[in-house]
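**Student:** Structure for this input, please:
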Amino acid sequence: MTDPAHVPSDNPAPSTHRRKRRRRLIAGVGVILLVYFVVAYLVMPMLWETYAHRHPALDAAPDITVTHDGHPGDPINVGLIGSQADVEAIFQQAGWYRADALGLKSDLKIATDTVLERPYDTAPVSNLFLYGRKEDLAFEQPVGDNPRQRHHVRFWSSAKLDPQGRPLWLGSATYDERVGLSHSTGQITHHIAADVDTERDHLFESLIKTGELTDPQFIEDFHKVDAGHNGGGDLWKTDGRLRLGMIVLAP
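**Tutor:** Predicted coordinates for the structure are as follows:
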């Protein structure tokens, strides 16, 4: 007869139960930590970048400016997210100049300097309109000593702000290649180069070099029409993309 005290038990020892529960607990904690790190360090940053760059003002952003008399102007091809102080600071770092306001004094100066081929780094730009008002900011980058040619951009701030209280600055970047008579009015004006994409990319290359522009990207199919003429009769053409970036100045 077998001694009942020595019959093997079908139930594992209590210590075995505890080890299994501990292993299951450790495995569960490991899975939770893995999910946390994936969400916190991979998924959320990607979602934040997408959200941050999808500024609410982009949903109904106009794609072309107009002249004072309602004719189509230059196309919108760049956008920046940041405060006005941020925009002014990054352009200063990039070596661009804030354009002077239009007026009799500046008009006479640019006319004289154009004839004499003297540099005028802060020459005014003609007014274009977006959101029913003329540009809020304008910047330029001279080309040599001749004010006939220059890189320049006009910006308008959006009324809608992002959750951090920053506006979207829509801009029209074009290259003035010569001075001549307007094809539509006969007035003296700058004529722009047709390839506005090259100027768009030149401007962003300047800003990227400052190290203060985060993750620049393209908004595809921003323009539904890829060519047109501005108020001066100049042809422009584009691949239809808006180039967008967020300004994050170093503390």
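
**Student:** who does residue 214 bridge with?
**Tutor:** residue 246 (DSSP bridges).

**Student:** Please write out the alpha-carbon positions of the longest strand along the chain in CSV.
**Tutor:** Of all segments of type strand in the chain, defined using DSSP state E, the longest is strand 167-181. Coordinates of each C-alpha in strand 167-181 appear next as CSV, following Å, rounded to 0.1, in the frame of the first residue of the first chain:
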residue,chain,number,x,y,z
PRO,A,167,-0.3,83.1,-37.0
LEU,A,168,0.5,81.6,-40.4
TRP,A,169,2.4,84.0,-42.6
LEU,A,170,1.6,83.5,-46.2
GLY,A,171,4.2,84.9,-48.6
SER,A,172,4.8,85.6,-52.2
ALA,A,173,8.5,85.2,-53.1
THR,A,174,9.6,86.4,-56.5
TYR,A,175,12.8,87.5,-58.2
ASP,A,176,12.9,91.0,-59.8
GLU,A,177,15.0,90.5,-62.9
ARG,A,178,14.7,93.9,-64.5
VAL,A,179,12.9,97.3,-64.4
GLY,A,180,10.6,98.3,-67.2
LEU,A,181,7.1,99.4,-68.1
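
**Student:** which residues in the stretch 101-250 of the chain form helices?
**Tutor:** 104-116, 196-208 (DSSP state H, counting those that start in this stretch).

**Student:** before we move on, the earlier item: so for the longest strand of the chain, what gets flagged as buried?
**Tutor:** Using 16 or more other C-beta atoms under 10 Å as the test for burial, strand 167-181 gives 167-177, 179. No exception for glycine: its C-beta is placed from N, CA and C like everyone else's.

**Student:** picking that back up, least reliable of the helices of the stretch 101-250 of the chain by average pLDDT, please.
**Tutor:** Lowest mean pLDDT within those: helix 104-116, at a mean of 52.

**Student:** Strands of this protein, residue ranges please.
**Tutor:** Secondary structure of the chain (DSSP E): strands at 64-66, 72-75, 78-81, 97-98, 129-130, 133-134, 137-142, 150-161, 167-181, 188-192, 213-219, 227-229, 235-237, 242-247.

**Student:** neighbours around residue 70, how many?
**Tutor:** By other C-beta atoms under 10 Å, the residues close to residue 70 number 9.

**Student:** now swap in residue 220 and tell me
**Tutor:** 9.

**Student:** Quick check: it vs residue 240, distance?
**Tutor:** Separation of residue 220 from residue 240 (C-beta to C-beta, to the nearest Å) stands at 7 Å.

**Student:** circling back to that earlier point, direction included, what does the longest strand of the chain pair against?
**Tutor:** Looking at strand 167-181 with DSSP bridges, its partner strands are strand 78-81 (antiparallel), strand 150-161 (antiparallel), strand 188-192 (antiparallel).

**Student:** which one of those strands is the most hemmed in?
**Tutor:** strand 78-81 (a mean of 25; mean count of other C-beta atoms under 10 Å).

**Student:** quick one: contacts of it?
**Tutor:** With C-beta atoms under 8 Å, 6 or more residues apart in numbering as the test, strand 78-81 has contacts from 52-53, 55, 58, 61, 86-87, 90, 153, 155, 162, 166-173, 200, 203-204, 207, 213, 219, 242-247.

**Student:** gap between that strand and the chain center?
**Tutor:** Its chain's C-alpha centre and that of strand 78-81 lie 3 Å apart, by C-alpha atoms, centre = their mean, to the nearest Å.

**Student:** Much appreciated, bye for now.
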